[in-house]
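In: Let's see this in three dimensions:
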Amino acid sequence: MSKEFKSFDGVKPFLQPEKPFMLVYESEKDGLSIAWLETEEDMMETIKEVKSYGSTIVDAIEIGSYREFNAEEI
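Out: Numbering: from 1, shown residues only. I've put the predicted structure just below:
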């Protein structure tokens with residue numbers, strides 16, 4: 001269930017996504033893939049798993065804040 005934020009400008013309020021973490025990765029076998037995750041911890045674990053299979057991290061972001069993850073450091 002999404003959490004509702006208060007409207008700051010009198011229009012429809014922004015709804016926080018249920019799975020605000022998006023991981024985009026690529027493998028030679030499967031091509032480009034996207035994973036939607038619920039928590040930062042899930043994101044970190046999935047990045048480690050994807051890298052262990054030899055896939056390349058294309059992007060890792062938190063949609064709610066647009067905060068980038070540095071997948072190179074994980």
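
In: now Asp42: how far from Gly54?
Out: 21 Å (CB to CB, to the nearest Å). C-beta coordinates here come from the backbone N, C-alpha and C atoms, glycine included.

In: now do Tyr25
Out: Distance, Tyr25 to Gly54, by CB to CB: 10 Å.

In: Neighbour count: these two, which is higher?
Out: Legend: neighbour count by other CB atoms under 10 Å for Tyr25 and Gly54, higher for Tyr25 (22 against 9).

In: check which helix or strand covers that one.
Out: Secondary structure assigned from DSSP states H and E places Tyr25 in strand 21-27.

In: Name every strand pairing with that strand and say which way it goes.
Out: Applying DSSP bridges, strand 21-27 is found paired with strand 31-37 (antiparallel), strand 56-62 (antiparallel).

In: Pull out the buried residues from it.
Out: Neighbour counts over strand 21-27 (16 or more other CB atoms under 10 Å) mark Phe21, Met22, Leu23, Tyr25 as buried.

In: Ile61: which of these is nearest?
Out: Met22 (5.5 Å; CB to CB).

In: who touches that closest one in this structure?
Out: Counting by CB atoms under 8 Å, 6 or more residues apart in numbering, Met22 touches Ile34, Ala35, Trp36, Leu37, Asp59, Ala60, Ile61, Glu62, Ile63.
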